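[1] Take this sequence and fold it.
(chains A and B)
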Protein chains: 2
Amino acid sequence: MNRIQSLFGIQYPVIQAGMIWCSGWELASTVSNAGGLGILGAGSMYPEVLREQIKKCQAATDRPFAVNIPLLYPSIEEHIASVIELGVPIVFTSAGNPATWTERLQSHGIKVVHVVSSVKFALKAESAGVDAVVAEGFEAGGHNGREETTTLCLVPAVADALKVPVIAAGGIGDARSTLAAFALGAEGVQLGSRFVATPESSAHQAFKDRVVDAGEGSTRLSLKALTPVRLLDNSFARQVAAAEAAGESPEALQALLGRGRAKKGMFEGDMEAGELEIGQVSGQIRQLVPAAEIVQELVREYELLTQGMADQRFHWK
Amino acid sequence: MNRIQSLFGIQYPVIQAGMIWCSGWELASTVSNAGGLGILGAGSMYPEVLREQIKKCQAATDRPFAVNIPLLYPSIEEHIASVIELGVPIVFTSAGNPATWTERLQSHGIKVVHVVSSVKFALKAESAGVDAVVAEGFEAGGHNGREETTTLCLVPAVADALKVPVIAAGGIGDARSTLAAFALGAEGVQLGSRFVATPESSAHQAFKDRVVDAGEGSTRLSLKALTPVRLLDNSFARQVAAAEAAGESPEALQALLGRGRAKKGMFEGDMEAGELEIGQVSGQIRQLVPAAEIVQELVREYELLTQGMADQRFHWK
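    Next comes the predicted model:
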């Protein structure tokens, strides 16, 4: 048992990322019931929706689960009040200053984990007193760091710089990448894209199908002049690429993005005008798999891999 | 002993990348003498220079070494003739069609390895009959793939698709990333940036110092409208970034790049006007280390890591 397992009180250090429009109570409770850590993605939920989702998740599992709260969420005070009042044991914060809410959450016994994409922000998070960090590399879906540091380069640098445990995210989809993350110094892995492609995710079926269809080069880090985000190729993503190649201003890009595109794409299933956020590892996803099976298969194959470290392939003698 | 060790006849599956302006006979022979595989970077050598370098390398080591030949090199026939005539045992080809020269080289008993950045090109290389491939991710220095697939996502995908063994490149700098690469399915690792920062590399001292000074976010994949290349931040790289943000045409970018910038930067030491190609892992390099020590330390720490796989951190029970 490592520090991430102890911190969260979970069987396996396998975490399902909190993702807007994709990770509601059904997915989160399934992952937690399978021995991992499920996370509700509160960034796309109104305050009353989050409260309802927390209650449903609590009814569906008696194991720990978490809520991901982007710190720039407009009604953040309400989200913070909800997780405290409803007794959520773990909160993952992202996209904002961890100094603002960490102590308040911890004073209610909540474990706080902050998502970072650089050593610089990892050190800030540690100074703010977080219990762990997620180090998320360039290959991850959704919003992403400006330095474009990949998981392979980011995780060892963060693990060297911090005392608190590190969870690796970005490019993790199976036991091989999980073992790679552990070799780099992580004590847990967070998978996003893989859990989008499950029957339990709340993503629109058309988006799940697109994730399964995605191949090599199907995603690209886009909108770097605003907040960088990894998008799956579609009409909208190509419009963005053309605008960027033409040197359009941030204001013009913002106007092109508009409002509500992520919901339109990932939740409502508009595969051309919608914004489809997904990681590079989607290129390796070949089918929808029930979320509990993903956890079970990953754990089984990870055990085989670590036992098999005595194999010829790993040894140079 | 794995397939890469057997193929090359080397003690450790640790390969020093063939790099323009940085990897001459002194570096290559040192790495080969230390039990790895050293590579001469022929892309920056005139035909007579390559012949001289091969002879000096042969005089300095009786172990196998290789030559890296970019297939778009203008006088490629002369380079090919030289490696055959002088009995070089291994050739790494890159940047071009592996179907053109692989059979010819192999008919002279030369092992051929092709560098790829996608599964698509890996399959083409295998069809061309290569003995192994280098799968090089987005974080690598120098020229790089358009898909921007990171090493973490690329290596398992290539290992799944191919029968020939895979060498991982991009983001590899130490034993941790080496074990990560092996977990992903590689049977060898290729390190570039780490070997630039050695007394034996032929890079200018000012460039070596800059590599040591590099930190998080110091490199960026640039010139994507021409051939993507990862550059270390300096005046030239910032000029390129400004031109790209303004939507300049490929022709304008080509004019800005001009000719001879890589030599000017990496070999002649012009740290502002020169083109400085280096990988993201430069951010983790803190000092110059003799090339033989890099190999020895990597092997020692890799053995400790693989033995330590019984550690609590790796096991979830």
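
[2] Next one: whatever residue of chain A ends up closest to chain B from residue A:44, what distance?
    Taking C-beta to the nearest C-beta, chain B has its nearest neighbour within chain A at residue A:247, 2.6 Å off. C-betas here are computed from N, CA, C, even on glycine. Distance check for residue A:247 against residue A:44: by C-beta to C-beta, to the nearest Å, it reads 31 Å.

[3] So those two - more neighbours on which side?
    Neighbour comparison, residue A:247 and residue A:44: the larger count goes to residue A:44, with 21 against 14 (by other C-beta atoms under 10 Å in any protein chain shown).

[4] Surely the more buried one touches residue A:20?
    Yes - with contacts counted by C-beta atoms under 8 Å, residue A:44 reaches residue A:20, the gap being 3.7 Å.

[5] which neighbours do the two share?
    By the contact definition C-beta atoms under 8 Å, 6 or more residues apart in numbering or on different chains, residue A:44 and residue A:20 are jointly contacted by residue A:262.

[6] Can you list the strands that the helix or strand of chain A with the lowest mean pLDDT pairs with?
    When the helices and strands of chain A are compared on mean pLDDT, DSSP states H and E, strand A:142-143 comes out lowest with a mean of 89. Sheet pairing of strand A:142-143 (DSSP bridges) gives strand A:229-232 (antiparallel).

[7] re the thing from before, got the confidence number for the residue of chain A closest to chain B?
    Note for residue A:247: predicted pLDDT of 93.

[8] Assumed it was part of a strand.
    No - checked against DSSP: H, G, I helix; E, B strand; the rest coil, residue A:247 lies outside a strand; its state is coil.

[9] Quick one: the strands in chain A, in order.
    Secondary structure of chain A by DSSP state E: the strands cover A:14-16, A:38-41, A:65-70, A:90-94, A:111-116, A:132-136, A:142-143, A:166-169, A:188-191, A:219-222, A:229-232.

[10] and those, which one is worst for confidence?
    Note on the strands of chain A: strand A:142-143 shows the lowest mean pLDDT, a mean of 89.

[11] ok now that one, how far from the chain's centre?
    Remark: strand A:142-143 is offset 9 Å from the chain centroid, using C-alpha atoms, centre = their mean, to the nearest Å.

[12] With stretch A:73-92 instead?
    18 Å.

[13] Need the distance between the two termini of that stretch.
    End-to-end distance for stretch A:73-92: 13 Å, by C-alpha to C-alpha, to the nearest Å.

[14] And that stretch, what's buried?
    Residues of stretch A:73-92 classed as buried by neighbour count (16 or more other C-beta atoms under 10 Å in any protein chain shown): A:73, A:76, A:79, A:80, A:82, A:83, A:84, A:88, A:89, A:90, A:91, A:92.

[15] any chance you could map the helices in the stretch 101-250 of chain A?
    A:102-106, A:119-127, A:151-161, A:175-183, A:193-196, A:205-213, A:235-245, A:250-257 (DSSP state H, counting those that start in this stretch).

[16] what is the rounded mean pLDDT of the second one?
    Pointing back at helix A:119-127 there. Mean predicted lDDT for helix A:119-127 stands at 98.

[17] what's in contact with it?
    For helix A:119-127, the external contacting residues (C-beta under 8 Å, 6+ apart) are A:97-99, A:114, A:116, A:133, A:135, A:145, A:154, A:157-158, A:161-164, A:166, B:216.

[18] Residue numbers of the stretch 201-317 of chain A in contact with chain B?
    Those residues of the stretch 201-317 of chain A that sit near chain B, judged by C-beta under 8 Å from any C-beta of the partner chain, are A:216-217, A:220-221, A:225, A:245-248, A:280-281, A:283-284, A:299, A:302, A:305-306, A:309, A:312-317.

[19] got the contact list for residue A:192?
    Applying C-beta under 8 Å, 6+ apart, one finds that residue A:192 lies in contact with A:16, A:17, A:19, A:140, A:141, A:142, A:169, A:278, A:279.

[20] show me what contacts the third one?
    I take that to be residue A:19. A:41, A:68, A:141, A:142, A:192, A:195, A:196, A:277.

[21] do the same with the last one
    In this structure, residue A:279 makes contact with A:139, A:140, A:141, A:142, A:170, A:171, A:192, A:193, A:219, A:230, judged by C-beta under 8 Å, 6+ apart.

[22] Since that was my last question, I'll sign off now.
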